[in-house]
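Q: Sequence plus the predicted model coming up.
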Amino acid sequence: MSNPEIPLGDSYQPTYINAFEVRQPERALSPCIFTSPHSGANYPAAFVEASRLDPVALRGSEDAFIDELFAAAPAHGAPLLSALYPRAFVDMNREAWELDPAMFDGELPHFVNTASQRVSGGLGTIARVVSNGSEIYAHKLPFAEAERRIREIYMPYHNALKDLIACTQDAVGCAVIVDCHSMPSIGGPMDEDKGRHRADIILGDRFGSSCNNVVTDTAEETFQGLGYSVTRNLPYAGGFTTRNYGRPIGGIHTLQIEMNRALYMNEEDITRGPDFSTIQGHMQVVVERLCALDPEPLAPLR
């Protein structure tokens with residue numbers, strides 16, 4: 001098969017469209033780019049019908065409403081990139097081709113990564129399970145379906161992110177990706193902290209390797225000043241986006257923010273909680289502080 005990065009020909013007819021949304025600021029005043037890769041809620045009807053889970057259970061991996069909580073980003077000079085399809089359908093925070101061969105009919109192409117820890121846990125680019133370990137599909141999938149999702153949803157999202165990084169670097173000399181997520185309030189069956197209550201906020205910077213310390217320090221101090229409990233890197237140090245794009249020496253910094261879902265939503269029925277507006281106001285403060293970071297110490301090393 002051809003190199004998976006080569007675009008398809010003009011005769012190719014896409015099945016999935018509108019993979020993402022970018023809300024742009026009127027002017028690029030900030031080094032920050034906010035991303036929400038797991039808040040998408042566009043569940044194709046055929047996907048829901050093919051699942052063994054009911055619609056609420058199928059949303060168990062979704063970072064519901066996170067894009068709304070960080071919606072203030074454009075007002076402070078930073079774009080907000082949001083995935084529109086859900087994580088259970090295709091996961092933007094994975095390598096492009098992390099796939100579990102047990103999920104598919106026939107052999108997979110040679111370029112597919114079938115041996116990663118994420119694949120073994122059922123959480124590859126096309127997930128086998130939702131976050132509580134429940135199996136998604138009633139039957140095996142053809143590889144062609146995975147290929148469509150990756151080419152038509154995953155790749156456009158990451159191409160958009162690359163464009164935002166380049167534009168932000170051109171405008172202010174550096175880029176800070178703030179990758180926004182939510183997490184279950186209690187560690188799940190496949191997590192290192194199984195059964196334990198979690199902090200309000202977990203900041204992931206790959207143990208200091210994905211961004212300048214000033215980025216993580218600013219986020220931590222702001223959250224703590226707002227009354228939140230904060231930990232770093234455990235159990236989440238940052239996923240593919242944090243690891244792949246974070247190159248502080250080149251002026252690209254990445255920080256993952258994981259928010260405890262119990263703060264702002266009902267985890268059982270996936271609805272906004274009574275404190276949603278208050279939390280949203282707090283996130284506006286976090287956005288404002290991060291957007292005000294001085295670009296000078298974040299610029300590429302010369």
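A: All right, it came through fine.

Q: make it CA atoms for all contacts and neighbour counts henceforth
A: Fine.

Q: Okay, strands next: where are they in the stretch 51-200 of the chain?
A: 80-83, 104-105, 141-142, 175-183 (DSSP state E, counting those that start in this stretch).

Q: Which pLDDT value goes with residue 193?
A: If you check residue 193, the pLDDT there is 82.

Q: Sorry, wrong one. I was asking about residue 187.
A: On pLDDT, residue 187 comes in at 82.

Q: Same check on residue 6?
A: On pLDDT, residue 6 comes in at 46.

Q: Repeat that for the one 3 residues further on.
A: What the model reports for residue 9 is a pLDDT of 55.

Q: hmm, back to that, make a markdown table from the strands of the stretch 51-200 of the chain and add distance to residue 24 and mean neighbour count to it.
A: As requested, the strands of the stretch 51-200 of the chain are exported to a markdown table (distance: least, CA to CA, whole Å; neighbours: other CA atoms under 10 Å):
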| stretch | distance to residue 24 | mean neighbour count |
| --- | --- | --- |
| strand 80-83 | 7 | 26 |
| strand 104-105 | 38 | 15 |
| strand 141-142 | 37 | 15 |
| strand 175-183 | 14 | 26 |
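
Q: Which of those strands sits closest to residue 299?
A: strand 175-183 (8.2 Å; CA to CA).

Q: Next, the buried residues of the lengthiest helix in the chain.
A: With secondary structure taken from DSSP state H, the chain has its longest helix at helix 155-172. By neighbour count on 16 or more other CA atoms under 10 Å, the buried set for helix 155-172 is 155-158, 161, 164-165, 168-169, 172.

Q: Next up, the contacts around residue 123.
A: 129-130 (CA atoms under 8 Å, 6 or more residues apart in numbering).

Q: what about this structure, any weak spots by pLDDT?
A: Applying pLDDT under 70 to the chain picks out residues 1-12.

Q: one more time with 90, if that's ok
A: 1-15, 17, 26-29, 60, 106, 131-133, 187-197, 301-302 (pLDDT under 90).
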